[in-house]
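1. here is my input, please return the structure:
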Amino acid sequence: MISKEQFILRQPAAPEETSTDPYYLNLANRLVKIAQEKKLLPSYPDKVVERGAMAVIGYYQDVICDAGVWHSFVDECRRMYGYSVPFYDNGEEYMDYELNKIDVRFMVWYSLSMNYEQLRVRNPFDDELIACADAWWQELEAVYEESPLPEDYRLTHELEIHAEEDKQALYRLGNWLFMHCYLMTPAYAMTLSEIASEFDLTKEDSIIELQKRMEQSMAEDPTGPLAFYLGEWLYLIVEGKMPPSPKSKEKRGEHKFYTAFINATGGKTLEFFATYDDLNHFFIEGMGWTAGEEHLPMMKNERDFVVMVEKEKGMLVARNVAKCIASPDNPLYDASYAKDHAIELLTERGRCPGDLLRYICAKGWLPDARFPNSNDTGLVTKNADFIARCYLQQYYRGD
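-> The predicted structure is shown next:
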């Protein structure tokens, strides 16, 4: 069961205990007990179920007092995608500032998927997930009117981003959002694991260096299901809008690879190659690279290349992805292969370069992508950008 220490760590007032923490800890453990007694999540270990229950209770506390985190997420989903909640949207039936069944369904899918590597990519409409989410929603709905206002959960109220007197409160809010908030931490779990793997945590010096690296991550890495940066989340939650757009960077001029590439392709910015020999031949004959050499030799044993150019950034080469991309100019596209593997471009970090993937998503060139054990390609097509943000984080949003 969830311990008091585990629960309080995820609360905004941590490490202090508030008067309402026992109530919500008890409620979280009731959700765990429901899942165990009804055998609702047999595919997941107890620790993952407990994390899922704490995430759902975090959402519930937010809704009870309108802390602003969940509402900011919903508002941005509407702005970016035209729906309230990914995958499960029910249009006009959605109730703002209220407990919604589809919210709980999303939180169950999101928290379990992000916290369990063995089932990281799972159909949001999997029967196991839906049965648990609906049972948990029913329990929360039964106590919704009597649940107390969570103490110290309304961190954002009456704060102003640029107010000097709010600096300390904003820092506290930002630290909680990034490190312990129910909505942010599931998506950040893999990034945290990647960072921790860089250090030998048996050494005291490494722990100090890890703390510094975490502070750097807070400043540089996105988090949460929409992969927003901390400054963006703070603006959304406190001000109700995204921060002002940064000033445009000074243009770098046309990259030499871009010029050579479009000259070789007749103006196209994307080209596809089945083999390394085809790719190397293009570099030599099309772009004028040195004849008789094997260029990019580290890719000799790979296949199905995509080469993309951008006017200022230059050229990128992606391997083992061409069969998944339904560009009208791609002779290598294999719909049967894409049904089983295209989802990997959206969910496996480093599988496809971010610039290329953003371009693909914008063009709608993953029409056959689907979640495992699902034939619903429309679900992925409609939510491709969201899926990539949620799973890939900085690998998708990073420049």
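2. in the longest helix anywhere in the chain, what counts as buried?
-> Secondary structure of the chain per DSSP state H: the longest helix is helix 46-65. Neighbour-count burial for helix 46-65, counted by 16 or more other Cβ atoms under 10 Å, picks out 48-65. C-beta: built from backbone N, CA, C; applies to glycine.
3. what is that helix packed up against?
-> In terms of contacts (3 or more Cβ pairs under 8 Å, 6 or more residues apart in numbering; DSSP states H and E), helix 46-65 is packed against helix 4-9, helix 21-37, helix 69-81, helix 101-115, helix 127-143, helix 185-196.
4. can you add mean pLDDT, mean neighbour count and distance to Leu366 and give those helices back as TSV?
-> As requested, the helices and strands packed on helix 46-65 are arranged in TSV below (pLDDT from 0 to 100; neighbours: other Cβ atoms under 10 Å; distance: least, Cβ to Cβ, whole Å):
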stretch	mean pLDDT	mean neighbour count	distance to Leu366
helix 4-9	96	15	38
helix 21-37	98	18	33
helix 69-81	96	19	16
helix 101-115	98	24	19
helix 127-143	98	18	23
helix 185-196	92	18	21
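5. let's have those helices in TSV, adding distance to Glu294.
-> Output for the helices and strands packed on helix 46-65, formatted as TSV (distance: least, Cβ to Cβ, whole Å):
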stretch	distance to Glu294
helix 4-9	53
helix 21-37	55
helix 69-81	43
helix 101-115	41
helix 127-143	48
helix 185-196	32
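6. so for Pro15, which of those helices sits nearest?
-> Pro15 sits nearest to helix 4-9 of all the helices and strands packed on helix 46-65, at 6.7 Å, using Cβ to Cβ.
7. which other helices and strands does that closest one contact?
-> Partner elements for helix 4-9 (3+ Cβ pairs under 8 Å, 6+ apart): helix 21-37, helix 46-65.
8. contacts for the lowest-mean-pLDDT helix or strand in the chain?
-> When the helices and strands of the chain are scored by mean pLDDT, DSSP states H and E, helix 204-220 comes last with a mean of 86. Residues outside helix 204-220 that contact it (Cβ atoms under 8 Å, 6 or more residues apart in numbering): 174-175, 178-179, 191, 195-196, 198-201, 229-230.
9. after that helix comes which helix or strand?
-> Going down the chain from helix 204-220, the next helix or strand is helix 230-239, by DSSP states H and E.
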